[in-house]
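> mind looking at a prediction? Sequence and model below.
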Amino acid sequence: MKVILVFAVMLVSIAKQSFAQGINWQAKDLEKDGVFGVSANKAYSDLLKNKKAKTVIVGILDAGLDTLHEDLKAVLWSDPKTGHHGWNYIGNETGREDLVNLTIQKDSAFYDSLSLGTVPQEYRKGYQAYRQSKKLKLELNEKINNLKDQVSVLEKENNPENAKLISLVNYHLAHGLNAANNEADTASGNADVYPDKILPWPSTDPGHGTHVAGIIGAVRGNGIGLNGIADHVQIMMVKTNGNLREIRDKAIANGIRYAVDHGAKVINMSFGKPYTWDKTAVDDAIKYAMSKDVLFIHAAGNTSSNLDNSVVYPTATYDDGKDKADAFIVVGASGPKDDQTLAVDFSNYGQKTVDVFAPGVDIYSTYPGNEYKTFSGTSMAAPIVAGIAALIREYYPKLTAVQVKDIIMKSVVKRDVLKDKCVSGGVVNAYNALKLAATYK
């Protein structure tokens, strides 16, 4: 059975477990290994031996994680007061941000009568959100039809164990995929980010968040799985999205504030959406994070789009269109070869809006149930940059978030194929970044 992933999560594909460049290729060095990684292995062997590091908390806004994973449980952040590893901001599936609600809003006839060129300025924002919602409604209908097909398959199997799954799917279908969410860990205010067992489909196991977490900080040198980019991190999971819902601005804003208030110095956001309902709430949360010296890493997206001409929210630019968050890095996905394929065809790009590229093809990482899988996407590229940012802040804790961004931008390995694709014109490099960080005061 094919499982449809929520469209807003930046994930492209599951590839085969064996591939030419090998596990952990993202950490390799181009000169030494012939693979366009970020030279993390070289940084550890040549620069970081016997150096003291400070623990850095990395907040991940995502779909939860497997808190019992063998390669992650030792690096999970725990609230000293409660012991929780994060917080869940998914509540009931009702509210004005639902796709279904957006597409049947009372202004639909008004918007349908207009074209972009004729929309008065005061209605333009609403019009653009409405047009996007109509497009996404079609994708939602495809998801509904796919779920119906899967129910038919389950019913024909005549297996008593399928009864719960059928009941769950039918519940979602009956409520248009925007009613009360039945995922076991999505009750409002639930303290944990994932229960201590793996739930069956269609309750989404938090594969995406678990995979992202491993890229950043999977335990290094334990002989299993992979080595995360950063070695002295604590992973904090803030659950802001599930499988059958939109990523709400309120959840993003609350998640950012939670991460900041609980000590996160780097926040990874491997998600995005093409419209925003309450950008001011998200902007205010980002401004709050800026005041607390926090660095954001955001995945650019996987639709081969030029972000100079289109938008994936949240953005570094605030709603006034003038000011922007200085400590905010947008990441495109690169491949393993030093040729024209370095700029991966699925990745979004933007000479003015995407800051850097990082490995995002066939990235092997942790997956629920003590498993490991290979995914591709800017969702995988962003945590590599988040890991490098954490690494810099571990070994050079006096540097500010803005300085860390500056270091990452200036230390990329430049290539002509990327000069029109991003601001820096290159792929991030941990070795170069740490060498440069040592020169900052």
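Structure's in. What do you need? Numbering: from 1, shown residues only.
> how's the chain carved up into domains?
Following automatic domain parsing, one finds the domains of the chain at 13-93+190-437, 99-174.
> for those domains, which has the smallest mean pLDDT value?
Looking at those, the lowest mean pLDDT belongs to domain 99-174 (a mean of 64).
> picking up where we left off before, any idea which of the domains of the chain is most buried?
Scoring the domains of the chain by mean neighbour count under mean count of other Cβ atoms under 10 Å gives domain 13-93+190-437 as the most buried, with a mean of 21. Any C-beta I mention is one placed from the backbone N, CA and C, and that applies to glycine too.
> what about the residue of the chain most remote from its centre, distance to residue 439?
In the chain, counting by Cα atoms, centre = their mean, residue 158 sits farthest out from the average C-alpha position, at 38.0 Å. Distance, residue 158 to residue 439, using Cβ to Cβ, to the nearest Å: 68 Å.
> list the residues that contact the nearest residue to residue 21 once chain neighbours are set aside.
In this structure, residue 21 finds its nearest non-sequential neighbour in residue 336, 4.4 Å apart by Cβ to Cβ, 6 or more residues apart in numbering. Residues in contact with residue 336 (Cβ atoms under 8 Å, 6 or more residues apart in numbering) are 20-21, 25, 35-37, 359, 361-362.
> show me where the stretch 201-350 of the chain has helices.
Remark: helices assigned in the stretch 201-350 of the chain by DSSP state H, counting those that start in this stretch are 207-217, 249-261, 279-291.
> quick one, which of the ones you listed gets closest to residue 349.
With Cβ to Cβ as the measure, helix 207-217 is the member of those nearest residue 349 (20.9 Å).
> how far off centre is that closest one?
Computed by Cα atoms, centre = their mean, to the nearest Å, the chain-centroid distance of helix 207-217 equals 9 Å.
> then stretch 28-38?
Using Cα atoms, centre = their mean, the mean C-alpha position of stretch 28-38 is found 25 Å from that of the whole chain.
> what's it in contact with?
Applying Cβ under 8 Å, 6+ apart, the contact partners of stretch 28-38 are 21-22, 25-27, 39, 41-42, 229, 334-338, 342, 358-359, 384, 388, 413, 427-431.
> take those and keep only those in helices.
Counting by DSSP state H, the part of those found in helices is 41-42, 384, 388, 430-431.
> next, format these as TSV and append distance to residue 250.
Putting those into TSV (distance: Cβ to Cβ, whole Å) gives the following:
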residue	distance to residue 250
41	41
42	43
384	29
388	30
430	35
431	40
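> what's the farthest-apart pair in these?
42 and 384 (14.8 Å).
> ok, the nearest residue to residue 352 once chain neighbours are set aside to residue 349 distance?
Nearest-residue entry for residue 352: residue 308, 5.0 Å, with adjacent residues in sequence omitted and distances by Cβ to Cβ, 6+ apart. Computed as Cβ to Cβ, the residue 308 to residue 349 distance reads 8 Å.
> which residues touch residue 335?
By Cβ under 8 Å, 6+ apart, residue 335 lies in contact with 36, 341-344, 359-361.
> and of those, the nearest to residue 396?
Nearest to residue 396 among those is residue 359, at 23.1 Å by Cβ to Cβ.
> quick check: chain neighbours aside, which residue is closest to the closest one?
Closest to residue 359 by Cβ to Cβ, 6+ apart is residue 26, at 3.9 Å.
> check whether that neighbour really touches residue 384, as I assumed.
Yes: between residue 26 and residue 384 a contact is recorded at 5.6 Å, counting by Cβ atoms under 8 Å.
> can you pull the phi/psi pair for the residue nearest the centre of the chain?
With distances taken as Cα atoms, centre = their mean, the residue of the chain nearest its centroid is residue 270 (1.0 Å). Phi and psi for residue 270, reported as degrees, to the nearest 10, are phi -90, psi 60.
> now it: closest residue in space, sequence neighbours ignored.
Excluding the flanking residues, the one nearest residue 270 by Cβ to Cβ, 6+ apart is residue 379, at 3.8 Å.
> check residue 27 too.
Of all residues not flanking residue 27 in the chain, residue 40 sits nearest, at 3.9 Å (Cβ to Cβ, 6+ apart).
> how much space separates the one you found from residue 66?
24 Å.
> now the strands for the protein?
For the chain, applying DSSP state E gives strands covering 13-14, 56-62, 86-88, 233-239, 264-269, 295-299, 328-334, 356-359, 363-367, 371-376, 413-414, 426-427.
> can I get the second one as CSV, trimmed to CA atoms?
Okay, so that is strand 56-62. Extracted C-alpha coordinates of strand 56-62, given in CSV (Å, rounded to 0.1, in the frame of the first residue of the first chain):
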residue,chain,number,x,y,z
VAL,A,56,23.7,23.1,22.3
ILE,A,57,20.0,22.5,22.2
VAL,A,58,18.5,22.2,18.7
GLY,A,59,14.8,22.6,18.4
ILE,A,60,13.1,20.7,15.6
LEU,A,61,9.6,21.8,14.5
ASP,A,62,8.3,18.7,12.8
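> what is that strand packed up against?
If contacts are counted by 3 or more Cβ pairs under 8 Å, 6 or more residues apart in numbering; DSSP states H and E, strand 56-62 sits against helix 207-217, strand 233-239, helix 249-261, strand 264-269, helix 378-395.
> same deal with the fourth one?
In this structure, strand 233-239 makes packing contacts with strand 56-62, strand 86-88, helix 207-217, helix 249-261, helix 378-395, judged by 3+ Cβ pairs under 8 Å, 6+ apart.
> ok, the ones in helices among the contacts of stretch 28-38 vs residue 85, which is closest?
Of all the ones in helices among the contacts of stretch 28-38, residue 384 has the smallest distance to residue 85: 22.0 Å, by Cβ to Cβ.
> excluding its backbone neighbours, what's nearest the closest one?
Closest to residue 384 by Cβ to Cβ, 6+ apart is residue 358, at 4.4 Å.
> partner residues bridging the one you found?
Residue 358 has these beta-bridge partners by DSSP bridges: residue 333.
> let me see the contact set for it.
26, 38, 331-334, 381-382, 384-385, 427-428.
> please repeat the previous calculation with a cut-off of 6 Å.
By Cβ atoms under 6 Å, 6 or more residues apart in numbering, residue 358 lies in contact with 331, 381, 384-385, 428.
> and those residues, which is closest to residue 210?
Closest approach between the contacts of residue 358 and residue 210, by Cβ to Cβ: residue 384, at 15.8 Å.
> any idea how far residue 51 is from that closest one?
Distance of residue 384 to residue 51, given as Cβ to Cβ: 21 Å.
> and residue 70, by the same measure?
Distance, residue 70 to residue 51, by Cβ to Cβ: 27 Å.
> please apply the same query to residue 86.
Computed with Cβ to Cβ, the distance linking residue 86 and residue 51 is 29 Å.
> and for residue 340?
38 Å.
> ok, residue 313 next?
38 Å.
> check residue 57 too.
Relative to residue 51, residue 57 is positioned 20 Å away (Cβ to Cβ).
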